[in-house]
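> okay, sequence plus prediction incoming.
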Amino acid sequence: MGTILRDMRHVQWHELRHAQGSASQVPGVLSRIAWGDSESAEDALSDLGQWIGAMAVFDATVATVPFLWELAAMETVKDRVGVLGLLGTILAHGHAHHPEWIRDAHLAVLAGRATAERLAADGDPAVSSAAGVLLTACTGHVCSACPPR
């Protein structure tokens, strides 16, 4: 493993949960997004979205968001637009029984605003557009779980 995603090893993934149960598979999925071909990365991103953001956020979501920002910033990642879209999905979802997961997941997405601003000026128009959409969502984000900004 190179410099990208190197800090994944510091997360106790087996102690975290996502929509399907244990988050122990998340590092492998993140690695497929980072280094896989287009098809593999797209499939991995779809799986990850179903696990950590499509229906609700989880404690695994909170741990995963910084790595998603890392992936979005890497030009070699095949589906940066999809990664940015997943970050937007996370910002839009909650969890009925765990407001702390909502707050922490949303704050983790909002913490990447500087990366989104940089990506809004990216040479790839699709990445630039996706970053702009995410920036708009960040600017307008208000929810009952998050502290007022």
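That came in fine, so what should we check first?
> point out where this protein drops to low pLDDT.
1-2 (pLDDT under 70).
> where do the helices sit along it?
26-35, 38-52, 59-73, 80-92, 99-110, 113-119, 125-139 (DSSP state H).
> export those to CSV and tack on distance to residue 5?
All C-beta atoms are positioned from the backbone trio N, CA, C, and that covers glycine. CSV is the format used below for those (distance: least, C-beta to C-beta, whole Å):
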stretch, distance to residue 5
helix 26-35, 6
helix 38-52, 13
helix 59-73, 6
helix 80-92, 12
helix 99-110, 16
helix 113-119, 15
helix 125-139, 19
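> quick check: which of those is nearest to residue 7?
Residue 7 lies closest to helix 59-73 among the helices of the chain, at 7.8 Å (C-beta to C-beta).
> now stretch 43-61 - C-alpha only, PDB.
The C-alpha coordinates for stretch 43-61 follow below in PDB (Å, rounded to 0.1, in the frame of the first residue of the first chain):
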ATOM      1  CA  ASP A  43     -18.700  -1.800  -8.400                       C
ATOM      2  CA  ALA A  44     -16.800  -1.200  -5.200                       C
ATOM      3  CA  LEU A  45     -18.100   2.300  -4.900                       C
ATOM      4  CA  SER A  46     -21.700   1.000  -5.400                       C
ATOM      5  CA  ASP A  47     -21.200  -1.600  -2.600                       C
ATOM      6  CA  LEU A  48     -19.700   1.000  -0.300                       C
ATOM      7  CA  GLY A  49     -22.500   3.400  -1.000                       C
ATOM      8  CA  GLN A  50     -25.100   0.700   0.000                       C
ATOM      9  CA  TRP A  51     -23.200  -0.100   3.100                       C
ATOM     10  CA  ILE A  52     -22.400   3.400   4.500                       C
ATOM     11  CA  GLY A  53     -24.700   6.000   3.100                       C
ATOM     12  CA  ALA A  54     -27.600   5.100   0.800                       C
ATOM     13  CA  MET A  55     -30.200   4.400   3.500                       C
ATOM     14  CA  ALA A  56     -28.500   5.700   6.600                       C
ATOM     15  CA  VAL A  57     -25.100   6.600   8.100                       C
ATOM     16  CA  PHE A  58     -23.300   4.400  10.500                       C
ATOM     17  CA  ASP A  59     -20.200   4.500  12.700                       C
ATOM     18  CA  ALA A  60     -18.300   3.000   9.800                       C
ATOM     19  CA  THR A  61     -19.400   6.000   7.700                       C
END
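> since that was my last question, I'll sign off now.
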